[in-house]
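Undergrad: Here's my sequence, what's the structure:
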Amino acid sequence: MAEIDFPAEIRALRATYDSIAQVSDVDSLRREIAELSEKAGVPDLWDDPAAAQVVTSQLSHRQSELERLTTLAGRIDDLEVLVELGQEAGDEDSLAEAGTELASIRSSLEQLEVVTLLSGEYDEREAVVTIRSGAGGVDAADFAEMLMRMYLRWAERRGYPTKVMDTSYAEEAGIKSATFEVNAPYAFGTLSVEAGTHRLVRISPFDNQGRRQTSFAAVEVIPLIEQTDSIEVPDNEIRVDVFRSSGPGGQSVNTTDSAVRLTHIPTGIVVSMQNEKSQIQNRAAAMRVLQSRLLLLKKEQEDAEKKALAGDTKASWGDQMRSYVLNPYQMVKDLRTNHEVGNTSAVLDGDIDAFIDAGIRWRADSRKTEA
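TA: Numbers count the residues shown, from 1 in each chain. As a prediction, the model looks like this:
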């Protein structure tokens, strides 16, 4: 094992940390925490539960962000002391421990560095993810359900709360579509690089001749609407349809017509919700998602206008962004970043951090190039 140049490695860690701290603006972060703490301490804060939730959520996030930064700074200091003591005493065990901690701190800094790249207008938001089956029949419906499980497992690994809002089951297997929330800061900025068309190649378990099939599923990621967003949707622009909730195989989930489908007439956007207990709750949830989609549409239109003024530029995202090949070989490959993994089972079980990190870095580089 090669001897580690600890002084050089620690200098590199400090340089990386200083760069992250500068981008994160620690002083500004402390000021925000002080202001939010003052708001959170107002006696009548919970007279408006929705506004109170926004304040407490922002405060918790800012405090966690500052804690991550200060904890990492302390770990670098402790590492330097451990190395000095180990070298003075000639303690190989201490130096081995220092080498392990060095690798751990480097990994933590890389993860934190990726977060600093999430600087988009809505990147801090929670996310609403919709998965739809595409071409490929029953295999596509099954693939859509596999992707849903993958993202829910990813969120579970990270300790992110999720809430399934709507599921439309296919007749034979899998799902036609599903919509769920990921309730964590920066969920939108993080998961937005997963938006696009995903392709699966495998021996179809639904083909009695055992032929290889290719199927597709689409992933949409939008930022969750907040109380402060000004997205007005007039009643005369919405068509409301009520229907009975259903589960796999058409079994009735309840005996009331509580499921709600909202159609935004000017844009044709359709949102369905059926997982809440009452029609009122489903309508409120559907309206929130509809407003989120309209918010993102508004942002996309503004960006398109800016690009038109700047001249013609190459589209950043193609129709197909990732392939999951299970036969004749095992490989998951992102077609934008060229990041690939041979352990397909781990990826489909939610181990997608490396793909997401590569996607965020790729997007940041693309934006720099366009700018």
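Undergrad: Okay, helices next: where are they in this protein?
TA: With helices called from DSSP state H, the chain shows them at 6-24, 26-40, 49-89, 92-116, 137-158, 187-191, 279-310, 344-348, 353-370.
Undergrad: Against residue 90, how distant is the closest residue to residue 83 other than its chain neighbours?
TA: The shortest distance from residue 83 to any non-neighbouring residue, by C-beta to C-beta, 6 or more residues apart in numbering, is to residue 6 (4.5 Å). Every C-beta, even on glycine, is put in place using the N, C-alpha and C of the backbone. The spacing between residue 6 and residue 90, counted by C-beta to C-beta, to the nearest Å, is 14 Å.
Undergrad: Mind checking which of the two has more residues around it?
TA: Comparing residue 6 with residue 90 by other C-beta atoms under 10 Å, the one with more neighbours is residue 6, at 19 against 8.
Undergrad: The more buried one: what's it in contact with?
TA: 83, 87, 95, 98, 102 (C-beta atoms under 8 Å, 6 or more residues apart in numbering).
Undergrad: I'd like the distance between the third one and residue 5.
TA: With the distance defined as C-beta to C-beta, residue 95 ends up 12 Å from residue 5.
Undergrad: out of these two, which sits in the busier spot?
TA: Shown here are residue 95 and residue 5; by other C-beta under 10 Å, residue 95 has more neighbours (18 against 10).
Undergrad: and that one, what pLDDT?
TA: Looking at residue 95, its pLDDT stands at 92.
Undergrad: Report how many residues lie close to the spatially closest residue to residue 56 that is not a sequence neighbour.
TA: Nearest residue to residue 56, sequence neighbours excluded (C-beta to C-beta, 6+ apart): residue 40, at 5.9 Å. Residues near residue 40, counting by other C-beta under 10 Å, number 14.
Undergrad: Likewise for residue 157?
TA: 13.
Undergrad: got the contact list for residue 139?
TA: Residue 139 touches 200, 202, 204, 206, 213, 215, counting by C-beta under 8 Å, 6+ apart.
Undergrad: Going by neighbour count, which of the residues you listed comes out on top?
TA: Looking at those with neighbours defined as other C-beta under 10 Å, the largest count falls to residue 200 at 26 neighbours.
Undergrad: Surely that residue and residue 150 touch.
TA: No - the criterion here is C-beta atoms under 8 Å, and residue 200 misses it with residue 150 at 11.4 Å.
Undergrad: Surely residue 287 is in contact with residue 269?
TA: No - here residue 287 lies out of contact with residue 269, judged by C-beta under 8 Å, at a distance of 11.8 Å.
Undergrad: Could you pull up the residues touching the closest residue to residue 196 other than its chain neighbours?
TA: Of all residues not flanking residue 196 in the chain, residue 321 sits nearest, at 3.6 Å (C-beta to C-beta, 6+ apart). By C-beta under 8 Å, 6+ apart, the contact set of residue 321 is 195-198, 334-336.
Undergrad: Retrieve the pLDDT associated with residue 321.
TA: pLDDT recorded at residue 321 is 90.
Undergrad: Over to the one 3 residues further on?
TA: Reading off the confidence values, residue 324 has pLDDT 97.
Undergrad: which residues touch it?
TA: Counting by C-beta under 8 Å, 6+ apart, residue 324 touches 143, 198-202, 332, 344, 347-348.
Undergrad: List buried members of the residues you listed by neighbour count.
TA: Taking 16 or more other C-beta atoms under 10 Å as the criterion, what is buried in the contacts of residue 324 is 143, 198-202, 332, 344, 347-348.
Undergrad: now these in a markdown table, with pLDDT?
TA: A markdown table is the format used below for those (pLDDT from 0 to 100):
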| residue | pLDDT |
| --- | --- |
| 143 | 96 |
| 198 | 95 |
| 199 | 94 |
| 200 | 95 |
| 201 | 95 |
| 202 | 95 |
| 332 | 97 |
| 344 | 96 |
| 347 | 97 |
| 348 | 97 |
